[in-house]
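K.L.:
fold the following.
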Amino acid sequence: MKTASDEITYVPADVLQRFVEEVFVQVGTPPDDARICAEVLLASDRRGIESHGVGRLRVYYERIRAGVQIVETEMEIVKETETTALVDGHHGMGAVIAHRSMRLAMDKARQYGVGS
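P.N.:
All right, here's what the predicted structure looks like:
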């Protein structure tokens, strides 16, 4: 006997992307940061890593509502050299911190030939 939980519903990725972005925006995440967060969650699902995919949206929502997760990511560079940087995301959105940190590392690599 089939139950409602046995049924699978397919949602087009672009529709899901917009929904996840809108959830983040509605809880106060800046739109550009909401886009990054949604892209990361969907990319995880596309790679088959469902433990870090859209299923985590509820966890983020609950953490944000509880004040544990900060929606406006203020990343601080604590220590920096020409080729390295130690950053503190101050409990901001992890996907945004990772995105900005990677961009910083890529800029350093481009300028100095190495970055970490």
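
K.L.:
what's the top helix by length along the chain packed up against?
P.N.:
When the chain is parsed with DSSP state H, its longest helix is helix 94-112. Packing contacts for helix 94-112, counted by 3 or more CB pairs under 8 Å, 6 or more residues apart in numbering; DSSP states H and E, involve helix 31-46, strand 85-88. Yep, even glycine has a C-beta here, placed from its N, CA and C like the rest.

K.L.:
try it again at 10 Å.
P.N.:
helix 31-46, strand 76-80, strand 85-88 (3 or more CB pairs under 10 Å, 6 or more residues apart in numbering; DSSP states H and E).

K.L.:
listing partners with orientation, what would you give for the shortest one?
P.N.:
Read it as strand 85-88. strand 76-80 (antiparallel) (DSSP bridges).

K.L.:
returning to what we had before: most tightly packed of the helices and strands packed on helix 94-112?
P.N.:
Stretch with highest mean neighbour count among these: helix 31-46 (a mean of 18; mean count of other CB atoms under 10 Å).

K.L.:
so for it, what's the average pLDDT?
P.N.:
Average pLDDT, helix 31-46: 97.

K.L.:
report the separation between the nearest residue to residue 104 once chain neighbours are set aside and residue 96.
P.N.:
Once flanking residues are discounted, residue 104 sits nearest to residue 85: 5.6 Å by CB to CB, 6 or more residues apart in numbering. Residue 85 is 16 Å from residue 96, where distance means CB to CB, to the nearest Å.

K.L.:
rewinding a little: give me the angle between the longest helix of the chain and helix 31-46.
P.N.:
100 degrees (axes from the mean of the first three to the mean of the last three CA atoms, to 10 degrees).

K.L.:
pull the distance from helix 94-112 to the chain's centre.
P.N.:
Distance of helix 94-112 from the chain centroid (CA atoms, centre = their mean, to the nearest Å) equals 14 Å.

K.L.:
cool, and stretch 80-99?
P.N.:
13 Å.

K.L.:
next: stretch 74-91.
P.N.:
On CA atoms, centre = their mean, the centre of stretch 74-91 falls 18 Å from that of its chain.

K.L.:
got it, and stretch 19-28?
P.N.:
12 Å.

K.L.:
stretch 101-113 now?
P.N.:
Relative to where its chain is centred, stretch 101-113 has its mean C-alpha point 20 Å off (CA atoms, centre = their mean).
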